[in-house]
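> take this sequence and fold it.
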Amino acid sequence: MRFRSALLTAAILGMAFAGGWAGDSLSSPRLAIAAPSGDLPVAPPGSIDDKPTVPIPARFESLVQKIMPAVVSVDAIKPAAPGAAKNKPTEESGSGVLVQLPGYRGTFVITNNHVVAGAKATEITVTLNDGRILVPDLVRTDPESDIALLRIVGENIPTAELGDSDTAKSGQWVLAFGSPFGFNQTVTHGIISARDRGQISLGNTIRIKEFLQTDAAINPGNSGGPLVDTAGSVIGINTANASTNGYSSGVAFSIPINLVKRIGKQLLDQGSVSRGYIGMQMSSALDPHTALKLGLTRLRGALVDSVHNGGPASKAGLQGGDVILKLDGVEIRDENHVINLVGMLPANQKVKLTIWRNKQPSAVELVVGEWPRGK
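Model prediction:
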């Protein structure tokens, strides 16, 4: 059985994928003209090449010129959805970024699984900045992380550099690229608002979530486009926004590029992703009131709702009501953090959990199982 988590969702916000844009549903968008807003901000010391007197907008211009050639539009024709009128196929559009992956032949488009899920490779098209239309000869997808890789073959294909998302910090400037509402080659800017966001609901298949949050505008059609830092490196893949109507509200989410690298390697090496499994159902109910009731003085850890009979957690003696505080010495933030960490573990690895039970800590060792594929 799979991990399940009662995901926290603010009452005033709804979660929406940034992909799935159908061009013919665009109807007279309202356009607003922004007035000048005084002096231009300058780049902080240490950004790009340490020229703190250069206005940030001028720096953005050079970044756009560098990255935009590697940004693509991705269109997929999928089988008709159940109950669709006249069995009409579904057309879905999103974005992507062209990259080279060391050790692998060809050029790859990184995009979101939900943009291409269910479509045959022959029904997927990649439109480059220069107008060329290419069809991938290889498609690899991971629904649980919403990551997809499309391999294309061609001459003189521009690519973007992959960065290190582990070094991304709240407050740093970023640019988001893509095709919102079908407007190809669009760029917006903002900052990293937060890291390690996981308590968001994005559909039944997506289980691995550790998003970068940004206030850069991300709208329908942006899914799969790159989030780029001021060094011109891709640090995230844009996925979703939080809003009441599906449009940008200044709260958007990108998959960290280091997660994409890990998932991508497994997809290309073995065609699918292996994940660890310990057989627990996590609860999202560890709020301040519950934490204090359990004797905790900090809102940290993951509350176990139940354990699956015969699974590694059950064999190790874990129980519903336990709070996982650490996994192999790593302090646990919340239930989603546990899911992500366990998912990266190989089967048969022994791990040590520090748990909170009866208002005191204790240690438990267990052997990680392998996540049942196809679940």
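> what about Gly236, which helix or strand?
strand 233-243 (DSSP states H and E).
> pick out the residue nearest the middle of the chain.
Note on the chain: the residue nearest the mean C-alpha position is Ile255, at 2.4 Å, using CA atoms, centre = their mean.
> wait, a strand at that residue?
Yes - checked against DSSP: H, G, I helix; E, B strand; the rest coil, Ile255 lies within a strand.
> right, and it touches Ile237 too?
Yes - counting by CB atoms under 8 Å, Ile255 sits close enough to Ile237 to count as a contact (4.5 Å). Every residue, glycine included, has its C-beta placed from N, CA and C.
> what do those two both touch?
Residues touching both Ile255 and Ile237 by CB atoms under 8 Å, 6 or more residues apart in numbering: 112, 147.
> circling back: now the strand holding Gly236: buried residues?
Buried residues in strand 233-243, defined by neighbour count with 16 or more other CB atoms under 10 Å: 233-243.
> what's the answer for stretch 99-111, then?
Neighbour count says stretch 99-111 has 99, 101, 107-111 buried, by 16+ other CB under 10 Å.
> just stretch 343-352 next, same as before
For stretch 343-352, using 16+ other CB under 10 Å, the buried residues are 343, 345, 351.
> wait, which of those residues is closest to Leu294?
Comparing the buried residues of stretch 343-352 against Leu294 with CB to CB picks out Val351 as the nearest, at 22.6 Å.
> can you give me the strands for the stretch 51-200 of the chain?
For the stretch 51-200 of the chain, applying DSSP state E, counting those that start in this stretch gives strands covering 71-78, 90-99, 107-112, 124-127, 133-134, 138-142, 147-152, 161-162, 173-178, 186-197.
> so for Gln65, which of the ones you listed sits nearest?
Judging those by CB to CB, what sits closest to Gln65 is strand 186-197, at 10.5 Å.
> residue contacts, Thr354?
324-327, 361-364.
> show me which of those residues are buried.
By 16+ other CB under 10 Å, those give 324-327, 364 as buried.
> quick one: which of these sit in strands?
Within the buried ones among the contacts of Thr354, membership in strands is found for 324-327, 364, as judged by DSSP state E.
> among the residues you listed, which one lies nearest to Asp75?
Nearest to Asp75 among these, with distances taken as CB to CB, is Leu327, at 41.1 Å.
> in the stretch 1-150 of the chain, what spans have low per-residue confidence?
By pLDDT under 70, the weakly predicted segments of the stretch 1-150 of the chain are 1-16, 18-57, 83-86.
> how about a cut-off of 50?
1-13, 23-41, 45-49, 51 (pLDDT under 50).
> now the helices for it?
Under the criterion DSSP state H, counting those that start in this stretch, helices of the stretch 1-150 of the chain are mapped to 56-67, 113-116.
> out of those, indicate the one that is most buried.
For the helices of the stretch 1-150 of the chain, the largest average neighbour count (mean count of other CB atoms under 10 Å) is found in helix 113-116, namely a mean of 27.
> so what does it touch, helix or strand wise?
In terms of contacts (3 or more CB pairs under 8 Å, 6 or more residues apart in numbering; DSSP states H and E), helix 113-116 is packed against strand 71-78, strand 90-99, strand 138-142, strand 147-152.
> quick one: closest of those strands to Leu318.
Short answer: strand 138-142, nearest of the helices and strands packed on helix 113-116 by CB to CB, at 27.5 Å.
> mind listing the strands that closest one pairs with, and their directions?
Using DSSP bridges, the strands paired with strand 138-142 in its sheet are strand 147-152 (antiparallel).
> returning to what we had before: from the buried ones among the contacts of Thr354, which is closest to Pro69?
For those, the closest approach to Pro69 (CB to CB) belongs to Leu327, at 42.1 Å.
> so that closest one makes contact with Asn340?
No - counting by CB under 8 Å, Leu327 does not reach Asn340; the two are 10.4 Å apart.
> returning to that earlier point: select from the buried residues of stretch 343-352 every entry located in helices.
If you go by DSSP state H, the buried residues of stretch 343-352 have Gly343 in helices.
> hmm, back to that, which one among the contacts of Thr354 gets closest to Val64?
Leu327 (41.1 Å).
> what helix or strand does the spatially closest residue to that closest one that is not a sequence neighbour sit in?
The shortest distance from Leu327 to any non-neighbouring residue, by CB to CB, 6 or more residues apart in numbering, is to Leu341 (5.4 Å). Secondary structure assigned from DSSP H and E places Leu341 in helix 335-343.
> so which elements touch that helix?
Short answer (3+ CB pairs under 8 Å, 6+ apart): helix 335-343 packs on strand 276-277, strand 280-283, strand 302-307, strand 323-327.
> list the neighbouring strands of the last one plus their orientation.
Spelled out, that is strand 323-327. By DSSP bridges, strand 323-327 pairs with strand 302-307 (antiparallel), strand 330-331 (antiparallel), strand 350-357 (antiparallel).
> the longest one versus helix 335-343: what angle between them?
Read that as strand 350-357. 160 degrees (axes from the mean of the first three to the mean of the last three CA atoms, to 10 degrees).
> outline the domain layout of this structure.
Split into domains by automatic domain parsing, the chain comes to 1-24+42-273, 276-370.
> what's the most buried one of these?
domain 1-24+42-273 (a mean of 19).
> now that domain, how far from the chain's geometric center?
In terms of CA atoms, centre = their mean, to the nearest Å, the centre of domain 1-24+42-273 is set 8 Å apart from its chain centre.
> next one: stretch 279-293
24 Å.
> mind checking the end-to-end distance for it?
25 Å (CA to CA, to the nearest Å).
> quick one: average pLDDT of it?
The average pLDDT for stretch 279-293 rounds to 87.
> stretch 337-349 now?
Here the average pLDDT along stretch 337-349 is 87.
> and for stretch 238-248?
71.
> picking that back up, isn't the residue nearest to Leu327 up against Val330?
Yes - using CB under 8 Å, Leu341 makes contact with Val330 at a distance of 6.5 Å.
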